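[1] I would like the atomic coordinates for the input below:
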Amino acid sequence: MKVAGRARITRLGVNKVNWQQVGHVSEPGRYMFRFGWLTVAPEDLAIWEQFPDAMFALVKTAAATAVGDAEEFHLGAFELRESHIHSEK
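    The predicted structure follows:
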């Protein structure tokens, strides 16, 4: 089990996280956060290495099965900040 930093997640609309919020994880894997388990894929890390400020949507993959069980998430679509979009041109 890997335990990473405490991410602050807002519960309004689509929940999103950036690399800093997940403690700059450096390896693919499954990490425990206050909001539940997060699986980070090698492709997600490659995006964060190229665009450190990219924001990923959290996608729920499994509901908690019992009271007290944590939910499961993976990273979905990502968005880049305006400054990165203009600097790539």
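
[2] ok, and for the helix or strand harbouring residue 61, which residues are buried?
    Using DSSP states H and E, the element containing residue 61 is strand 55-62. For strand 55-62, burial by neighbour count (16 or more other C-beta atoms under 10 Å) applies to 55-58. Where C-beta positions appear, they are placed from N, C-alpha and C, glycine not excepted.

[3] Just name whatever secondary elements it is in contact with.
    The helices and strands touching strand 55-62, judged by 3 or more C-beta pairs under 8 Å, 6 or more residues apart in numbering; DSSP states H and E, are strand 16-18, strand 72-79.

[4] List the contacts of it.
    9, 14-18, 35, 38-39, 44, 47, 71-79, 81 (C-beta atoms under 8 Å, 6 or more residues apart in numbering).

[5] Give me the mean pLDDT for that strand.
    Computed over strand 55-62, the mean pLDDT rounds to 91.

[6] who does that strand pair up with?
    Paired neighbours of strand 55-62 in the sheet (DSSP bridges): strand 16-18 (antiparallel), strand 72-79 (antiparallel).

[7] for the protein, longest helix please?
    Ranked by residue count and defined by DSSP state H, the top helix of the chain is helix 42-50.
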